[in-house]
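Trainee: I'd like to go over a predicted model; first the sequence, then the structure.
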Amino acid sequence: MNIVLIKWIDAETTGDTGWQSLEEIKIEAHKPPPTMTTVGFLLHDCETHVSVVDTYGPDDCSMLHRIPKAMIISVSELFTKEGDPYAI
């Protein structure tokens, strides 16, 4: 089971319910989206996305993080273990 560190650009929504100030939204529109970092057990890697969980057990796991490849800056392997993933 591989443990990876993924740096990726997040999609972001700014504003609240109701009307927004156009001037404030124009200021926000020029800001770059945030860069996020996720560390987890790599469950799936294909040409469109990677999927990781941060907690992994024999029958259960934490919530799934599915990150589109188009949003990924880099993926670094932190740990690689062949065979039984619970032998870490």
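Mentor: In hand now; what should we look at? Residues are numbered from 1 along each chain as shown.
Trainee: hmm, who's touching the strand ranked longest in the chain?
Mentor: Criterion DSSP state E: the longest strand present in the chain is strand 35-45. Residues outside strand 35-45 that contact it (Cβ atoms under 8 Å, 6 or more residues apart in numbering) are 1-10, 50-54, 56, 61, 64-65, 67, 73, 78, 85. The C-beta positions use only the backbone N, C-alpha and C, and glycine is treated the same way.
Trainee: note down every partner strand of it and its orientation.
Mentor: Counting by DSSP bridges, the strands paired with strand 35-45 are strand 3-9 (antiparallel), strand 49-53 (antiparallel).
Trainee: mind putting these into a markdown table with distance to residue 18?
Mentor: Shown next, in a markdown table, are the strands paired with strand 35-45 (distance: least, Cβ to Cβ, whole Å):
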| stretch | distance to residue 18 |
| --- | --- |
| strand 3-9 | 28 |
| strand 49-53 | 34 |
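Trainee: how about the helices of this structure, start to end?
Mentor: 22-29 (DSSP state H).
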